[in-house]
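# mind folding the following:
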Amino acid sequence: MFNLITDFLRSTRGYLLSRRAAATYAAASIMLAASPASAIDVDPGDYTALPPGTSAFLMYGQYAQRNSINVIGTGTIGQGYELDSAVGIARFVHWIDIAGITVDPQVLIPFGSLYNGRLAGSRVPSSTGLANPIVAATAWLINKPDPVYATYFGITPFFSIPLGKFDRNAALNIGTDIFQATLQAGYIQGFAPKFHFEFYGDATFSTDSRVGGLVRQSLQQDPSYQLQSYVRYEAGDGIFLTAGHSYTFGGDQYIGGVRNGLRTEAHQLRGIVQAFLDPTTQIQVGLFHEFGVRGGFAQDLGVRVRYLKIFSASN
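As a prediction, this is how the structure comes out:
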């Protein structure tokens with residue numbers, strides 16, 4: 001569900017980033033959020049409310065490869081700009097009833113590595129470890145299960161806490177020194193036998209960061225937004241095929257009050273297969289490709305796998 005997205009906060013007034021500019025103005029962050037500068041990606045069916053008393057454990061793994069960067073006012077630069085990431089997330093969820101409303105408090109613990117980074121052809125040291133943990137809870141305002149015309153609508157606040165690995169003087173960081181809050185709404189509607197439409201929207205707000213180097217400056221980021229949509233088809237007993245699209249926008253970045261040419265604008269195409277191995281165990285595999293990127297690294301290829309195990313209240 002979570003697509004973990006990194007930002008290289010690198011800025012110069014010229015076509016290429018020098019080592020000095022990278023050291024002074026650059027920082028990279030990876031977050032759920034998740035997210036825009038952190039987008040909170042949703043997997044198909046995630047906003048299906050399970051019965052109170054149910055618990056779930058999920059493990060995500062995602063690999064992404066990036067071979068170009070777009071800087072607003074400069075354009076897309078391919079040669080010499082690379083970044084790979086391998087990220088995992090452990091997620092724990094429990095559904096409860098509060099005054100007749102189903103709610104699912106949860107915690108997400110991301111970890112992984114940013115590596116093979118290059119800026120203007122110069123190799124950037126990798127960053128490996130724990131990213132910022134996230135706490136969240138969805139409240140379902142509409143919860144109408146139905147074999148064909150099920151309807152679900154929920155609202156989820158996410159809060160990421162700056163406890164991950166972070167060095168303000170490093171060019172790459174798996175964690176950040178900022179707090180982030182994301183408010184997300186999700187809607188699922190069954191519209192024909194075996195077909196569901198899903199739509200999600202969220203907004204992410206960030207506190208300021210501090211940029212390393214010889215001069216300490218404040219890095220600010222405008223609120224960023226994400227819209228996600230899916231059409232999900234049940235191809236067989238417990239097997240789901242999904243096609244989806246995501247659009248992130250906003251999130252303009254400033255160093256010392258001056259735009260650095262980076263933001264969080266991109267389209268992403270998604271193809272996802274989900275299969276239940278038994279009534280409580282599901283495996284998911286997804287492929288992702290970004291296009292129309294403005295102000296950041298373009299994800300040429302993304303692969304995400306997910307393991308889901310459900311523990312019913314009676315177990």
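# so where's the stretch 151-300 of the chain shaky on pLDDT?
Scanning the stretch 151-300 of the chain for pLDDT under 70 picks out the ranges 211-216.
# now the strands for it?
151-160, 180-192, 195-206, 209-211, 217-221, 224-236, 239-250, 253-255, 258-259, 265-278, 281-294, 296-311 (DSSP state E, counting those that start in this stretch).
# okay, now the unreliable bits of the stretch 1-150 of the chain?
Along the stretch 1-150 of the chain, the parts satisfying pLDDT under 70 run over 1-39.
# number of nearby residues for the closest residue to Ser218 other than its chain neighbours?
Excluding the flanking residues, the one nearest Ser218 by C-beta to C-beta, 6 or more residues apart in numbering is Asp208, at 5.0 Å. To be clear about C-beta, it is placed using only N, CA and C from the backbone, and glycine gets the same treatment. Neighbour count of Asp208, defined by other C-beta atoms under 10 Å: 13.
# Asp208 contacts Gln220, correct?
Yes. The pair Asp208 and Gln220 qualifies as a contact (C-beta atoms under 8 Å) at a distance of 5.2 Å.
# measure Gln274 to Ile72 for me?
37 Å (C-beta to C-beta, to the nearest Å).
# which one's more surrounded, those two?
Taking Gln274 and Ile72 together and counting by other C-beta under 10 Å, Gln274 has the greater number of neighbours (22 against 16).
# by how many degrees do the longest strand seen in the chain and strand 151-160 diverge?
Longest strand of the chain, by residue count under DSSP state E: strand 101-119. If you take axes from the mean of the first three to the mean of the last three C-alpha atoms, to 10 degrees, strand 101-119 sits at 50 degrees to strand 151-160.
# so in that sheet, which strands flank strand 101-119, and in what orientation?
Neighbouring strands of strand 101-119 in its sheet, by DSSP bridges, are strand 82-94 (antiparallel), strand 96-98 (antiparallel), strand 122-124 (antiparallel), strand 127-130 (antiparallel), strand 134-144 (antiparallel).
# report the distance from that strand to the chain centre.
Centroid separation for strand 101-119 versus its chain: 7 Å, with C-alpha atoms, centre = their mean, to the nearest Å.
# now the angle from that strand to strand 296-311?
140 degrees.
# C-alpha coordinates for strand 101-119, PDB please?
Extracted C-alpha coordinates of strand 101-119, given in PDB (Å, rounded to 0.1, in the frame of the first residue of the first chain):
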ATOM      1  CA  ILE A 101     -18.000   3.300  14.100                       C
ATOM      2  CA  THR A 102     -15.300   0.900  13.000                       C
ATOM      3  CA  VAL A 103     -11.800   2.200  13.600                       C
ATOM      4  CA  ASP A 104      -8.400   0.600  12.900                       C
ATOM      5  CA  PRO A 105      -5.500   2.000  14.900                       C
ATOM      6  CA  GLN A 106      -2.200   1.000  13.300                       C
ATOM      7  CA  VAL A 107       1.600   1.500  13.300                       C
ATOM      8  CA  LEU A 108       4.000   1.300  10.400                       C
ATOM      9  CA  ILE A 109       7.700   0.800  10.700                       C
ATOM     10  CA  PRO A 110       9.600   1.500   7.500                       C
ATOM     11  CA  PHE A 111      13.200   0.600   6.900                       C
ATOM     12  CA  GLY A 112      15.600   0.100   4.000                       C
ATOM     13  CA  SER A 113      18.300   1.600   1.900                       C
ATOM     14  CA  LEU A 114      18.900   4.400  -0.600                       C
ATOM     15  CA  TYR A 115      21.900   3.600  -2.800                       C
ATOM     16  CA  ASN A 116      23.500   3.900  -6.200                       C
ATOM     17  CA  GLY A 117      23.000   7.600  -5.900                       C
ATOM     18  CA  ARG A 118      24.700   9.900  -8.400                       C
ATOM     19  CA  LEU A 119      24.600  13.700  -8.700                       C
END
